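**Student:** A predicted structure for the sequence below; I have some questions about it.
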Amino acid sequence: MAVGVSAGVVAHGYLWARHAIDVTRVDLPCTGLPPALDGLRVGLLTDVHHSALVPADDVERAVALVNAERPDLIVLGGDYISFHDRAYAEPVAELLAAATAPLGVVAILGNHDDERVMTAALTRRGISVLADARTTLSVRGTSMDLIGMKFWTRRVEMLADLLKGATGPSVLLAHDPRRVVEASALGIPCVLSGHTHGGQIAFPVIGAPAARKFPVARGRLTQDATELYVSAGVGTVILPVRINCPPEVSIVTLRARG
């Protein structure tokens, strides 16, 4: 884990100090992934929550860490602001515009994002926002579909509609990791998510208090034949601290399942 001290917050494995952000690297097996896509590296940057609690320096640091890994594609996983605070929409979009990758940068929205304002701010900076939409990438002569779901889209029928016309393997981008249930029902091999912050605060023995309100997921998980990766994200919400849940950016390498 990265170790640093800023603003009087200690970061020795327990508390998060600003600017101490991990880079997590993980392989994610995907059923049906063609050889040409084996080894594709996706930078996942999510739950920035730019606000009075999460300054611009933290966002800049996170973007710089992802760029330094030189992924093939960057996915922005939602919750760029907190509590729909439009005052931070343009500033955070400007900070995220520094993210760059050969296959581009795509974004989905989280439950904290103002759908209209946040989408416009990102789009103006050349970032494609997938809001219940699908896009097809051409990678080494092989196509791959990215499907982006809105946070409030939950019916398997709606996801099935987004799959119509898909020509290659599909990766679902869903802010809420619970959408792995619908993905699994439709045979989507991979899902990338955020939302939970890994609990943000987790105590020994009793775990994360947030788990009383919603399932807290983090890291690589499996639902039937569907692989899910959940990033703990960068920012904080409600409380300006993380305990046993350091902030992270993730490099997810897609691997053909043997």
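**Tutor:** Cool, got the structure. Numbers count the residues shown, from 1 in each chain.

**Student:** stretch 94-114 - what's its average pLDDT?
**Tutor:** Here stretch 94-114 scores 98 as its mean pLDDT.

**Student:** start and end of that stretch, how far apart?
**Tutor:** By C-alpha to C-alpha, to the nearest Å, the extent of stretch 94-114 from end to end equals 16 Å.

**Student:** can I get stretch 138-145 in CSV, CA atoms only?
**Tutor:** Below are the C-alpha coordinates for stretch 138-145, written out as CSV (Å, rounded to 0.1, in the frame of the first residue of the first chain):
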residue,chain,number,x,y,z
SER,A,138,-12.0,-2.6,-32.8
VAL,A,139,-8.9,-4.1,-31.2
ARG,A,140,-6.3,-5.8,-33.3
GLY,A,141,-8.8,-6.6,-36.0
THR,A,142,-11.3,-8.0,-33.4
SER,A,143,-14.4,-6.3,-32.1
MET,A,144,-15.4,-5.9,-28.5
ASP,A,145,-18.6,-4.4,-27.1
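
**Student:** what comes up buried for that stretch?
**Tutor:** By neighbour count on 16 or more other C-beta atoms under 10 Å, the buried set for stretch 138-145 is Val139, Thr142, Met144, Asp145. Glycine gets a C-beta too; all of them are placed from N, C-alpha and C.

**Student:** name the element the third one belongs to?
**Tutor:** It stands for Met144. Under the criterion of DSSP states H and E, Met144 resides in strand 142-149.

**Student:** parallel or antiparallel, which strands does that strand pair with?
**Tutor:** Using DSSP bridges, strand 142-149 pairs in its sheet with strand 133-139 (antiparallel), strand 170-174 (parallel).

**Student:** tell me how far the last one lies from the chain's centre.
**Tutor:** Taking C-alpha atoms, centre = their mean, to the nearest Å, the mean C-alpha location of strand 170-174 is offset from the chain mean by 11 Å.

**Student:** quick one: mean pLDDT over the next helix or strand after that strand.
**Tutor:** Toward the C-terminus, strand 170-174 is succeeded by helix 180-185 as the next helix or strand (DSSP H and E). The average pLDDT for helix 180-185 rounds to 96.

**Student:** need the CA coordinates for helix 180-185. CSV is fine.
**Tutor:** Extracted in CSV, the C-alpha atoms of helix 180-185 (Å, rounded to 0.1, in the frame of the first residue of the first chain):
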residue,chain,number,x,y,z
VAL,A,180,-23.7,-8.9,-12.1
VAL,A,181,-26.9,-10.9,-11.5
GLU,A,182,-28.4,-9.6,-14.7
ALA,A,183,-25.1,-10.0,-16.5
SER,A,184,-24.8,-13.6,-15.5
ALA,A,185,-28.4,-14.3,-16.6
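
**Student:** what residues sit buried inside it?
**Tutor:** Across helix 180-185, burial judged by 16+ other C-beta under 10 Å covers Val180, Glu182, Ala183, Ser184.

**Student:** can you redo those as TSV with distance to Thr46?
**Tutor:** Below are those laid out as TSV (distance: C-beta to C-beta, whole Å):
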residue	distance to Thr46
Val180	15
Glu182	19
Ala183	17
Ser184	21
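
**Student:** closest to Ile108 out of these?
**Tutor:** Sorting the buried residues of helix 180-185 by how near they are to Ile108, with C-beta to C-beta, puts Ala183 at the top with 13.8 Å.

**Student:** show me the contacts for that closest one.
**Tutor:** Leu159, Leu172, Ala174, Val191, Gln223, Thr226, Leu228 (C-beta atoms under 8 Å, 6 or more residues apart in numbering).

**Student:** out of those, which are inside helices?
**Tutor:** Leu159 (DSSP state H).

**Student:** quick one: which of the contacts of Ala183 is nearest to Arg116?
**Tutor:** Ala174 (20.3 Å).
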